[in-house]
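Q: A structural model of the following input is requested.
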Amino acid sequence: MIEPGYCLTMARYNAWQNGLMKTALQKLDEADLRAERGAFFGSILNTANHILWGDTLWMSRFDKGQGPDVGADESVAMTPSFAAWSAERFRMDGRILRWAEKLGTLDLKGDLEWVAIASGTAFKKPLGFCVMHMLNHQAHHRGQIHAMVTAAGGEGWVTDLPFLPEEGPWL
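A: The predicted structure follows:
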């Protein structure tokens, strides 16, 4: 379904995008970050927290490391401030990159089994499919944040994959 090179490229892309997003968010004040904007998760910071929560949850399934300390209902409040979010986002991007750098072809084969935190439903899906979901989930919600930032009068950032720098730093 997918191969390690895809995972590493997308891990780099997402780290790059999260860095550009952080720069854009730093230019907004706290009120702008917390304002209700009619998006699925309400505010810019809520949406950024949800992405971080999802990454933490999926990575705990992939690398068997630490999962989120809060449940799905609290995902939007995973971090209390932009500064806390920024630090956790940096750590998570590093975790995803280190994981992707070590992947071999066989690491992406087989199924992943888990029980959904929110519903208690048991799932079994191809591991590669789940990895694609995690990487795509970031892009989806980051696009919502991009729209909210520009609607708030902030500056957007380039999001096109062909503009991914050839060389890091990715963090």
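
Q: show me the contacts for Leu108.
A: With contact taken as CB atoms under 8 Å, 6 or more residues apart in numbering, Leu108 is in contact with Met1, Ile2, Glu3, Pro4, Cys7, Leu127, Gly128, Val131. (Each C-beta comes from the backbone N, C-alpha and C, glycine too.)

Q: now render these as JSON lines, adding secondary structure, distance to Gly94 and neighbour count.
A: Shown next, in JSON lines, are these (DSSP: H, G, I helix; E, B strand; the rest coil; distance: CB to CB, whole Å; neighbours: other CB atoms under 10 Å):
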{"residue": "Met1", "secondary structure": "coil", "distance to Gly94": "25", "neighbour count": "11"}
{"residue": "Ile2", "secondary structure": "coil", "distance to Gly94": "21", "neighbour count": "17"}
{"residue": "Glu3", "secondary structure": "coil", "distance to Gly94": "22", "neighbour count": "12"}
{"residue": "Pro4", "secondary structure": "helix", "distance to Gly94": "18", "neighbour count": "16"}
{"residue": "Cys7", "secondary structure": "helix", "distance to Gly94": "15", "neighbour count": "24"}
{"residue": "Leu127", "secondary structure": "helix", "distance to Gly94": "22", "neighbour count": "18"}
{"residue": "Gly128", "secondary structure": "helix", "distance to Gly94": "23", "neighbour count": "19"}
{"residue": "Val131", "secondary structure": "helix", "distance to Gly94": "17", "neighbour count": "25"}
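
Q: make CSV out of those residues and add distance to Val158 and pLDDT.
A: CSV is the format used below for the contacts of Leu108 (distance: CB to CB, whole Å; pLDDT from 0 to 100):
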residue, distance to Val158, pLDDT
Met1, 28, 79
Ile2, 25, 94
Glu3, 26, 96
Pro4, 26, 97
Cys7, 22, 97
Leu127, 31, 96
Gly128, 28, 96
Val131, 25, 97
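
Q: quick check, nearest of the residues you listed to Leu103?
A: Set against Leu103, the nearest of those by CB to CB is Pro4 (4.1 Å).

Q: the closest one reaches Asp107, doesn't it?
A: Yes - between Pro4 and Asp107 a contact is recorded at 7.3 Å, counting by CB atoms under 8 Å.
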